[in-house]
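[1] heads up, no residue letters with this:
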C-alpha cells in the first residue's frame, strides 16, 4: 500500500513539476514567498475589524497562535518524526525536477508548513465567520490551493505533503474557532453581569 502511494506521489509530482513556463515560474515563486501573504492579511485585518469591531481584533489575535501551532506542528514535530526527504532531496528523483531560482528547500518535506498554515487559517475563518461573510471562503481557499500547488510546482513537496496537512488543518481551524466562540460567550456573560 505504501509503495503504491509513493508511486502515485511521484507520478503526480512529476506531472505538476514538468509543466513549467517562465510566467508560471514567477507566479509560483511569488505564491511560495512571504510577500504573497501580506495583501491577504491586510485585507483580512480591514474586513474583520470593519465587520466585527472589537470582536474582529480577537478574531485576528487568535490567528497568531493558530499559525504558530500549525507551523510548529508541521516544521518541528511531524517533519522531525517522519524525516521523509523532500522530492528535491530524494535520490533518483531530484535530478528529474525543474527548480526555480535553484531553490530546493530544507532536507525534510512531510508535511508542508505552507499548506498547514494556509489551510489552518482558511478553516479557522470558515468555521468562525461563514454565517456572516458567506463569500470569504471563495477567496481564501483558492489562495491556499495556489500556495500549496506552488510547493509541488517548485519541486519541494510531494502531493501527500499537501493532502495530509489539509485534513489536520480542519481540526486546528475548528479548534481555534471554538476558542473564539468560548471567549465571545464569556465576554457576553460578563457584560450581562455588569448591567
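    Thanks, I have the structure now. Model, not experiment: these values are computed from the prediction. Residues are numbered from 1 along each chain as shown.
[2] strands of the chain, start to end?
    For the chain, no strands are identified by DSSP state E.
[3] the residue sitting nearest the centre point of it: what's it in contact with?
    Nearest to the geometric centre of the chain sits residue 118, at 2.3 Å (CA atoms, centre = their mean). The contact partners of residue 118, taken as CB atoms under 8 Å, 6 or more residues apart in numbering, are 143-144, 147-148. (Each C-beta comes from the backbone N, C-alpha and C, glycine too.)
[4] ok, the residues you listed vs residue 54, which is closest?
    residue 143 (26.5 Å; CB to CB).
[5] tally up the residues packed near the nearest residue to that closest one once chain neighbours are set aside, please.
    The spatial neighbour of residue 143 that comes closest, neighbours along the chain excluded (CB to CB, 6 or more residues apart in numbering), is residue 40 at 6.1 Å. Neighbour count for residue 40, taken as other CB atoms under 10 Å: 16.
[6] pretty sure residue 40 sits against residue 146.
    No - contact criterion CB atoms under 8 Å: residue 40 and residue 146 do not qualify, at 10.7 Å.
[7] tell me the buried residues in the lengthiest helix in the chain?
    Counting residues, the longest helix found in the chain (DSSP state H) is helix 159-194. Buried residues in helix 159-194, counted by 16 or more other CB atoms under 10 Å: 159-162, 164-166, 168-170, 172-173, 176-177, 180.
[8] distance check, the residue nearest to the centre of the chain against residue 170.
    Separation of residue 118 from residue 170 (CB to CB, to the nearest Å): 13 Å.
[9] contacts only, for residue 50.
    Counting by CB under 8 Å, 6+ apart, the residues that residue 50 touches are residue 56.
[10] quickly note the distance from residue 160 to residue 15.
    Note on residue 160: its distance to residue 15, by CB to CB, is 14 Å.
[11] same thing with residue 121?
    In this structure, residue 121 lies at 28 Å from residue 15, with CB to CB as the measure.
[12] between these two, which has more neighbouring residues?
    More crowded of residue 121 and residue 15, by other CB under 10 Å: residue 121, with 25 against 11.
[13] I'd like to know how many residues surround the closest residue in space to residue 88 that isn't next to it in sequence.
    Nearest-residue entry for residue 88: residue 104, 3.8 Å, with adjacent residues in sequence omitted and distances by CB to CB, 6+ apart. Number of residues near residue 104 (other CB under 10 Å) recorded here: 16.
[14] backbone dihedrals for residue 104, please?
    The phi/psi pair for residue 104 (degrees, to the nearest 10) reads phi -130, psi 0.
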